[in-house]
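Visitor: my questions are about this predicted structure, shown below with the sequence.
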Amino acid sequence: MLGRTQYAGAFLLIGPALGWLAAARACLADPCGALGRGLLTSAFAPVIGLERLWHLDAMEDVGFALLTGGRRCSSRHTVGGWRRHLGWHEVDAFCHRTSPWHHVRGATALVSYDEHTIPRWTRKFRIRKGYVTTRNKYMRCEKLFCAYDLLSGRYLAVRATPGDWGLSDLAVPLVRQTLARGRPAYLHALFDAGAGPSDAAVMALWDLVEQEHPRLDVTLRACRYPHRVRQWKALPSGLFVSYPEPGRYVGAPPKEIRLAETETVLQADGAGRAVRTVVCREVVPGPKKDRWHPLFTTGLVGPDEVLGLFRTRQRHEQAYRVGVYDEALDAVPCGYDKQSPDPQRPRFHRGPLQMIGWLVALVYNAVADLAAGLTGDWAGSHVRTLRRMVFNRPGTVYETPTALLVQLDPFAGQEALVPVVDAFNDKRHRLPWLENRQVVISLTPRGPARSGP
Amino acid sequence: MVTATDPFVPWLAQAGLAADRLPPEQAALLRAAFRFRQRCGDDYYSTRLLSHFLLHCDSGIKVAQVARLLGVSRPTASRQQGLSSKQAIQQAHHRMDGRPYGKLLPRYAGPIAHFLLTHPDATRADLIDFIGHTFGVRVSRVAVYHFLKRFGLDHVPAHAPAAPAVPSAATPGALPAAALPAPALAPPFCSAARSTPAPSC
């Protein structure tokens, strides 16, 4: 017997992790020999809930050590050093190689593009500032821009930038990347208002739609500039069609939204251009003002369907929330170079920020894949739920000359794991850092059910 | 109509029968028997039922040909002649009675390893009993042998240290790997010599 572990269930993710490790070895230089430990530790830390890198100092779990490529847990200095020296071009290659484009290849895809802002509190380095919506202030930050497939619920790509970049800077490149690498039969791209702060930014997207016609459509929330809102509010009431919506709770009176379809003339390069606009007026009872949600779209579907499509973008925002609270997404290494000679103008290193941000996304995808294979209603479960129910389960690790046996202690509901465990064992994963032993996961049978009272 | 790619033809050929020379009644009968075999498989019960039918339906097919069609020996097919249907089913039940029917799945390896560690003097029969009680399957000694060999469980030391009881959920942390002395890191199942020139970490 090798020992006891608190993370026996996390071995179920060793298959995807081995795939990421193989891709990383093909893409990343490894001058110090820390790639394996660094990557596996960075990948399994969000799985088991290791929020900060220095928490490794107190980690003495033999199971976590085996998961991360050795018999002892690696030092935070080893992992941190590996992270800090990741080159952006190597990380880009790794991201391209591990992106799950098969979810959209040849299919009708609904992809959301949005930014996630990571606030920074450094006083030494004058890094670029951006607007942090959750704090409602303009502060130092860095950003991750992600493409998220709304139909499968998986991240597709990520790009790290300094804090002063906006979604409008990357909207066209990200859509081009999805079209080129994902090769969907049809793509409907959804953007928040950050993609269209100016008429020129909106027109760039519309030009792309014309180039890629008919396999691309774009819908983005329009910025509510006062002069535009005045135009939309001045629309004749006959244009609006009322739709009832469920109330805030069971038994509550239904809400009312009114949808109208119009065209908004955008000015770009001195020429006007009419853009199809779906204006959603959310009627608020009482003294409060009604809420207006205008959407620019190139789609040909009805206004209510455009609104329904756009509302699925909430899944992307939810994925960010899961990343922040369940996978410590905001604890990714900083992108500014702490070795910069001039703290007033620090260099930007995209590699570490993008690599760990993408690993968090890969873990999110792998956990979603695992949840889909469990028996019962587990699809769509959050990372924290699966960590509590599956990954952070105590167990015993046995080592034989040919295999590493991981036996989970019995727990209620372990029957849901049976198909996943069988599929895992069928794949015969082997650990290169453990003399190529095969990993076998076992469940401890529970005794016969007790008779009732 | 019989075509060249029809798997029915080779099935007849391995029994020494030519499809184009069979009388229509025999051809129809054997076609139905072939479909039965394809649908129900070639397990003992299906073979026994089919042989009993073919031997007693007065189709004119010789006993040796029936034996070759079903993959049984000529004396066996001959012994089955003249039995009533009740006797045939009783014989089948008697033959299969007590046979192992279970399959050892890889996910059984952990509890089996735990059993071997906590019962170093257990015989194979004890292990088979443990498997039967724990997983509800009855397996053969050969299957157990192959299973133990596949997962390296066949080298149980004579006095293996007993595995500790499962700790309570309140036990914080796991066995500190860094605090383990060197011999403790070497598991009891490991062979004496290391298979790599250097430690893996």
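Guide: Everything's here; your move. These figures come from a predicted structure and were not determined experimentally.
Visitor: neighbouring contacts of stretch A:341-351?
Guide: A:84, A:86-88, A:90-91, A:124-127, A:160-162, A:335-338, A:340 (C-beta atoms under 8 Å, 6 or more residues apart in numbering or on different chains). Every C-beta, even on glycine, is put in place using the N, C-alpha and C of the backbone.
Visitor: would you put the C-alpha positions of the helix or strand encompassing residue A:442 in CSV?
Guide: Per DSSP states H and E, residue A:442 falls inside strand A:437-443. Only the C-alpha atoms of strand A:437-443 are listed here, as CSV (Å, rounded to 0.1, in the frame of the first residue of the first chain):
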residue,chain,number,x,y,z
ARG,A,437,2.0,1.7,-14.4
GLN,A,438,-1.6,1.4,-15.4
VAL,A,439,-4.0,3.4,-13.3
VAL,A,440,-7.0,1.4,-12.1
ILE,A,441,-9.8,3.0,-10.1
SER,A,442,-11.9,0.9,-7.8
LEU,A,443,-15.0,1.5,-5.8
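Visitor: can it be said to contact chain B?
Guide: Yes: interface with chain B: strand A:437-443 contributes A:438, A:440, A:441, A:442, A:443 (C-beta under 8 Å from any C-beta of the partner chain).
Visitor: remind me what that strand packs against, helices and strands.
Guide: strand A:403-408, helix A:418-427, strand A:430-431, helix B:109-118 (3 or more C-beta pairs under 8 Å, 6 or more residues apart in numbering or on different chains; DSSP states H and E).
Visitor: any chance of the ones you listed in a markdown table with mean pLDDT, mean neighbour count and distance to residue A:302 as columns?
Guide: Listed next are the helices and strands packed on strand A:437-443 as a markdown table, based on pLDDT from 0 to 100; neighbours: other C-beta atoms under 10 Å in any protein chain shown; distance: least, C-beta to C-beta, whole Å:
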| stretch | mean pLDDT | mean neighbour count | distance to residue A:302 |
| --- | --- | --- | --- |
| strand A:403-408 | 95 | 26 | 51 |
| helix A:418-427 | 94 | 16 | 41 |
| strand A:430-431 | 95 | 18 | 54 |
| helix B:109-118 | 94 | 22 | 56 |
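Visitor: make a markdown table from these and add distance to residue A:23 to it.
Guide: Conversion of the helices and strands packed on strand A:437-443 to a markdown table gives the following (distance: least, C-beta to C-beta, whole Å):
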| stretch | distance to residue A:23 |
| --- | --- |
| strand A:403-408 | 23 |
| helix A:418-427 | 17 |
| strand A:430-431 | 17 |
| helix B:109-118 | 29 |
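Visitor: all helices for chain A, in order.
Guide: Secondary structure of chain A (DSSP state H): helices located at A:14-27, A:35-48, A:62-67, A:76-84, A:88-98, A:167-177, A:199-212, A:226-233, A:303-311, A:314-326, A:350-373, A:383-386, A:418-427.
Visitor: so which of the ones you listed gets nearest residue B:73?
Guide: helix A:418-427 (36.6 Å; C-beta to C-beta).
Visitor: who's in contact with the closest one?
Guide: Residues outside helix A:418-427 that contact it (C-beta under 8 Å, 6+ apart): A:12, A:15, A:370, A:373-375, A:439-443, B:105-107.
Visitor: what of stretch A:93-111?
Guide: Contact with stretch A:93-111 is made by A:19-20, A:23-24, A:26-28, A:147-152, A:154-158, A:178, A:181-190, A:309, A:312, A:354-355, A:358, A:362, A:365, as judged by C-beta under 8 Å, 6+ apart.
Visitor: correct me, but residue A:113 touches residue A:173?
Guide: No: using C-beta atoms under 8 Å, residue A:113 is not in contact with residue A:173, being 10.1 Å away.
Visitor: more neighbours, these two?
Guide: With neighbours defined as other C-beta atoms under 10 Å in any protein chain shown, residue A:113 and residue A:173 compare such that residue A:113 has more, 27 against 11.
Visitor: tell me what that one is bridged to.
Guide: Residue A:113 has these beta-bridge partners by DSSP bridges: residue A:147, residue A:191.
Visitor: that one: what's it in contact with?
Guide: Residue A:113 sits next to A:145-148, A:167, A:170-171, A:174-175, A:189-191, A:195 when contact means C-beta under 8 Å, 6+ apart.
Visitor: so which of these wins on neighbours?
Guide: Busiest of these [other C-beta under 10 Å] is residue A:195, holding 29 neighbours.
Visitor: go ahead and confirm that one touches residue A:205.
Guide: Yes: applying C-beta under 8 Å, one finds residue A:195 in contact with residue A:205, separated by 6.9 Å.
Visitor: show me the common contact partners of those two, please.
Guide: Listed as contacting both residue A:195 and residue A:205 by C-beta under 8 Å, 6+ apart are A:171, A:220.
Visitor: let me have the residues of strand A:437-443 next to chain B in JSON lines, extended by pLDDT and neighbour count.
Guide: Below are the residues of strand A:437-443 next to chain B laid out as JSON lines (pLDDT from 0 to 100; neighbours: other C-beta atoms under 10 Å in any protein chain shown):
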{"residue": "A:438", "pLDDT": "95", "neighbour count": "21"}
{"residue": "A:440", "pLDDT": "96", "neighbour count": "28"}
{"residue": "A:441", "pLDDT": "96", "neighbour count": "26"}
{"residue": "A:442", "pLDDT": "95", "neighbour count": "25"}
{"residue": "A:443", "pLDDT": "93", "neighbour count": "22"}
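Visitor: nearest to residue A:48, of the residues you listed?
Guide: Distances from residue A:48 to the residues of strand A:437-443 next to chain B, taken by C-beta to C-beta, are shortest for residue A:441, at 15.7 Å.
Visitor: bridged to that closest one, which residues?
Guide: residue A:406.
Visitor: got the contact list for it?
Guide: Residue A:441 neighbours (C-beta under 8 Å, 6+ apart): A:8, A:11, A:12, A:406, A:407, A:408, A:421, A:424, A:425, B:107, B:110.
Visitor: please indicate which of the contacts of stretch A:93-111 are buried?
Guide: A:20, A:23-24, A:27-28, A:147-150, A:152, A:154-158, A:178, A:182, A:184, A:187-190, A:309, A:354-355, A:358, A:362, A:365 (16 or more other C-beta atoms under 10 Å in any protein chain shown).
Visitor: where does the stretch 1-150 of chain A have low pLDDT?
Guide: Across the stretch 1-150 of chain A, nothing is flagged by pLDDT under 70.
Visitor: which residue does it bring closest to chain B?
Guide: residue A:70 (3.2 Å; C-beta to the nearest C-beta).
Visitor: my guess is that residue contacts residue A:37, does it?
Guide: Yes: if you go by C-beta under 8 Å, residue A:70 and residue A:37 touch, sitting 6.4 Å apart.
Visitor: okay, residue B:99: pLDDT?
Guide: The per-residue pLDDT reported for residue B:99 equals 69.
Visitor: helices of chain B, start to end?
Guide: Under DSSP H, chain B gives helices at B:8-13, B:24-40, B:44-56, B:63-70, B:74-79, B:85-96, B:109-118, B:124-135, B:141-150, B:182-185.
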